[in-house]
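Asks: Here is a sequence with its predicted model. Questions after.
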Amino acid sequence: MLAMNKNKVVLASFCILAGAVIFSACKDKTSTGLEYARNMYDPIALNPDQPVSTTNDYLKSFKGQTAQTPPAHTSPVGFDKYDYPNTKEGYEAAGAALVNPLEASEKNLEAGKHYFKVFCSPCHGEQGDGQGHLVKIEKISGIPSYHGDAASSRGGLMKDLTAGKIYHTIMYGLNNMGSHASQLSPEERWKVVMYVQQLQKIQ
C-alpha cells in the first residue's frame with residue numbers, strides 16, 4: 001500500500017512538473033524551448049552577412065564586417081579570368097585574339113552538340129537556323145541563322161563569326177540572349193563554340 005502511494009506521488013509530481021514546463025514554454029512565443037545540441041544552431045564560424053562585434057583585438061581587424069575583400073592580385077580557386085570587357089571593342093578584341101584551346105575531336109564535338117541542344121537550340125534551333133521552339137511559338141523573334149547570308153547585329157555575317165566572337169557572346173549575351181557564363185563552364189563554352197562553327201558550315 002505504501003509503495004502504491006509512493007508511485008502516485010511520483011506520478012503526480014511528474015505531471016505537475018511537465019505541466020509547469022509546458023505552460024512556461026507557452027508564455028514566450030519567441031522561445032524555442034529545450035534544444036538538443038545547441039552548437040548546431042549557433043555556428044562557431046562568423047556569419048558573413050552580419051556585422052561583427054569589435055570587443056576583442058582579433059575582430060577589430062574585421063572593421064565591423066566578416067565578408068572581406070580578397071587580397072590584391074589573388075583569384076578564387078578554379079576561377080578563370082576573362083580579360084575582354086562587355087563592349088564592342090572587347091568583342092572585336094576577343095574575336096581577333098581568342099582561339100579554341102580544345103582539340104577538335106569527335107568527343108568534344110558531341111559534347112558541344114549536347115550543350116547547344118540544351119542551352120541554345122530553344123532559340124537558335126537544333127540546326128542553328130534561327131528556328132528554335134520559342135521562335136516557332138512566337139515567344140521570341142529576330143534570331144539569325146548561323147548559315148546562309150544572315151547578318152550579325154554587330155556587323156558581318158553569322159557564318160563568318162570567329163571562335164572568339166562566339167565565345168564572347170556566350171560569355172556576356174547579346175540583345176535578347178542572356179549571359180550563359182553561369183550555366184556553362186569555360187570548357188563547356190568552348191565545346192559549344194566548336195559545334196556552332198560546324199553549324200556555320202551548313203550550306
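Replies: Done, it's in.

Asks: Confirm Pro101 sits in a helix?
Replies: No. Under the criterion used here (DSSP: H, G, I helix; E, B strand; the rest coil), Pro101 is coil, not part of a helix.

Asks: Just say helix, strand or coil for the nearest residue to it once chain neighbours are set aside.
Replies: Of all residues not flanking Pro101 in the chain, Trp190 sits nearest, at 6.4 Å (CB to CB, 6 or more residues apart in numbering). Heads up, the C-betas are built off the backbone N, CA and C, glycines and all. Classification of Trp190 into helix, strand or coil gives helix, according to three-state DSSP.

Asks: what's the burial count for Trp190?
Replies: For Trp190, the count of nearby residues is 22 (other CB atoms under 10 Å).

Asks: And for the one 3 residues further on?
Replies: Here the number of neighbours of Val193 (other CB under 10 Å) works out to 25.

Asks: and it, what does it touch?
Replies: Counting by CB atoms under 8 Å, 6 or more residues apart in numbering, Val193 makes contact with Asn100, Gly112, Ala163, Ile166, Tyr167, Ile170.

Asks: Excluding covalently adjacent residues, which one is nearest to it?
Replies: In this structure, Val193 finds its nearest non-sequential neighbour in Ile166, 4.7 Å apart by CB to CB, 6+ apart.

Asks: and that neighbour, that one's in a helix?
Replies: Yes. Note on Ile166: a helix contains this position according to three-state DSSP.

Asks: Check the gap between it and Asn108 for me.
Replies: Computed as CB to CB, to the nearest Å, the Ile166 to Asn108 distance reads 15 Å.

Asks: Which of the two has more residues huddled nearby?
Replies: When Ile166 is set against Asn108 and neighbours are counted by other CB under 10 Å, the residue ahead is Ile166, at 25 against 17.

Asks: For Gly128, give its distance to Tyr91.
Replies: Between Gly128 and Tyr91 the distance, using CB to CB, works out to 20 Å.

Asks: hmm, back to that, any chance of the contacts of Val193 in TSV, plus distance to Ala12 and pLDDT?
Replies: Formatted as TSV, those follow (distance: CB to CB, whole Å; pLDDT from 0 to 100):
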residue	distance to Ala12	pLDDT
Asn100	82	94
Gly112	77	95
Ala163	84	94
Ile166	81	94
Tyr167	79	96
Ile170	75	95
